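Asker: quick one: sequence and predicted model below, then my questions.
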Amino acid sequence: MSQNDKAKGRLLVVSGYSGVGKGTVIKALMKQHPEYVFSVSATTRAARPGEVDGREYFFVTQETFAEWLADGRFLEHTTYLDRSYGTPRDYVESRQDEGCHVILDIEVEGALNVKKACPEAILIYIIPPGAGELIERLTGRGTETEEQVIGRLNKAIEETAVIPSYDHVVVNREVQETADEIDALVTGSAPPRLTKEEGLALARSIRADLAAYLKKVEEHDTISGSVFTDKETTMIHPSYSELMTKINANGTAEDPVVKSRYSIVMGTAKRARQMVDNGYMEQEDHSRKPLSIAVEELDEGRIRILSDAEYARMKAEKEAERAARFADPAEGEEAEEAAEAAEPEGGEEKEPEQEN
Ligand code: 5GP
């Protein structure tokens, strides 16, 4: 083996359930280890706001994509939601030749094609510690509608079937720990934390919990308040159904404050995440889970979910206030200081949950 062969970097495919935190793990891995580089794919889909050509993707026309494909410039390619995506062979191979480990963030079909084209590629599948964590992350980030969350959970259930084709299953408990574990697998510096069989067994149990959760949601039975975790079930008291009745006592039948239990699930999960993020859980010795505390806060009226009408009114008031401040900057500064002083910790909890 020549010196050059020895220095060649590895090709690494990282996949995982939507919401598992894969992007954050990849960023942490690259921050800690500059020898990892991210492969930028080509796509025919339009750039989303904030995306930069050459950073997230090379945004190309269908004609250019077809040309590159005919020229054999893709290591693998796929069609996803009617748009083409492809991994540029040149970039991957030249960076590997320089000794970099190249990371591909591609969907599972592409991952399996990479393995066929490059059997030495390492395929890693990231799973959460339990179904509860995935559900809480997807609902807690508040960026998806109920249908989208259910779609993503269903996709996770489906994808579980292909995990056996991956080389390793890694559990994402803590971002840096996961990034370090991936590095250890790539460099061979430490054995996997879980054997593949253990990882697959955990993935299967998560799939079973997700399926049970979705069945409950479908039946409109009681998500009533239980959220799965890998170790135990967190009982929510009062139940989401009871909370819904209580909250809607402030609305009317035609204009209820919340239209579904899901808004409460989203709202309390968001508040729970906020408590963790702002260090509230570390300030005091809480034996309870943040989600239980959030439910209690809601029950006791310490946080509130606003109806659409209330939200619109509050937003208009805030805008009027801001406009007034612009009209008189000196007064505005004072008002701002006073508002900051009066703002309760975690003011964001007053944000409404938007019904979709
Ligand atoms: P998005 O349009 O949301 O950025 O990506 C859609 C899907 O395409 C994601 O699952 C992403 O991982 C996958 N993807 C992105 N680039 C490639 C690629 O070059 N090849 C394959 N097979 N999938 C890709």
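Answerer: Received, thanks. Numbers count the residues shown, from 1 in each chain.
Asker: my guess is residue 115 meets residue 123, correct?
Answerer: Yes. With contact defined as Cβ atoms under 8 Å, residue 115 counts as touching residue 123 (5.9 Å). (Each C-beta comes from the backbone N, C-alpha and C, glycine too.)
Asker: who touches both of those two?
Answerer: 13, 165 (Cβ atoms under 8 Å, 6 or more residues apart in numbering).
Asker: find the closest residue to the ligand in this structure.
Answerer: residue 110 (2.1 Å; Cβ to the nearest ligand atom).
Asker: got a list of what that residue touches?
Answerer: Contact analysis of residue 110 by Cβ under 8 Å, 6+ apart lists 76, 77, 78, 85, 87, 104.
Asker: okay, and the fifth one sits in which element?
Answerer: Following DSSP states H and E, the helix or strand that holds residue 87 is strand 83-88.
Asker: can you list contacts of that strand?
Answerer: 39-45, 58, 62, 65, 68-69, 73-79, 104, 106, 110, 114.
Asker: that older thread, point out the least confident one among the contacts of residue 110.
Answerer: In terms of pLDDT, residue 78 ranks lowest among the contacts of residue 110, with 92.
Asker: which outside residues touch stretch 147-162?
Answerer: So stretch 147-162 is in contact with 15, 17-19, 108, 112, 134-135, 138-139, 144, 203-204, 206-207, 210-211, 213-214, 217, 356, going by Cβ under 8 Å, 6+ apart.
Asker: ok, now with 6 Å
Answerer: Residues outside stretch 147-162 that contact it (Cβ atoms under 6 Å, 6 or more residues apart in numbering) are 17, 18, 108, 138, 139, 203, 207, 210, 211, 214.
Asker: count the residues that sit near the fourth one.
Answerer: It stands for residue 138. Neighbour count of residue 138, defined by other Cβ atoms under 10 Å: 23.
Asker: my read: it touches residue 19, true?
Answerer: Yes. With contact defined as Cβ atoms under 6 Å, residue 138 and residue 19 form a contacting pair (4.2 Å).
Asker: how about the contacts made by residue 43?
Answerer: Residue 43 touches 57, 85, counting by Cβ under 6 Å, 6+ apart.
Asker: state the distance from residue 64 to residue 84.
Answerer: Taking Cβ to Cβ, to the nearest Å as the measure, residue 64 falls 10 Å from residue 84.
Asker: show me which of the two is the more surrounded one.
Answerer: residue 84 (20 against 13).
Asker: all helices for the stretch 1-150 of the chain, in order.
Answerer: 3-7, 22-32, 62-70, 89-97, 108-117, 131-140, 146-159 (DSSP state H, counting those that start in this stretch).
Asker: turn those into a markdown table, including mean pLDDT.
Answerer: Shown next, in a markdown table, are the helices of the stretch 1-150 of the chain (pLDDT from 0 to 100):
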| stretch | mean pLDDT |
| --- | --- |
| helix 3-7 | 56 |
| helix 22-32 | 95 |
| helix 62-70 | 97 |
| helix 89-97 | 95 |
| helix 108-117 | 94 |
| helix 131-140 | 86 |
| helix 146-159 | 87 |
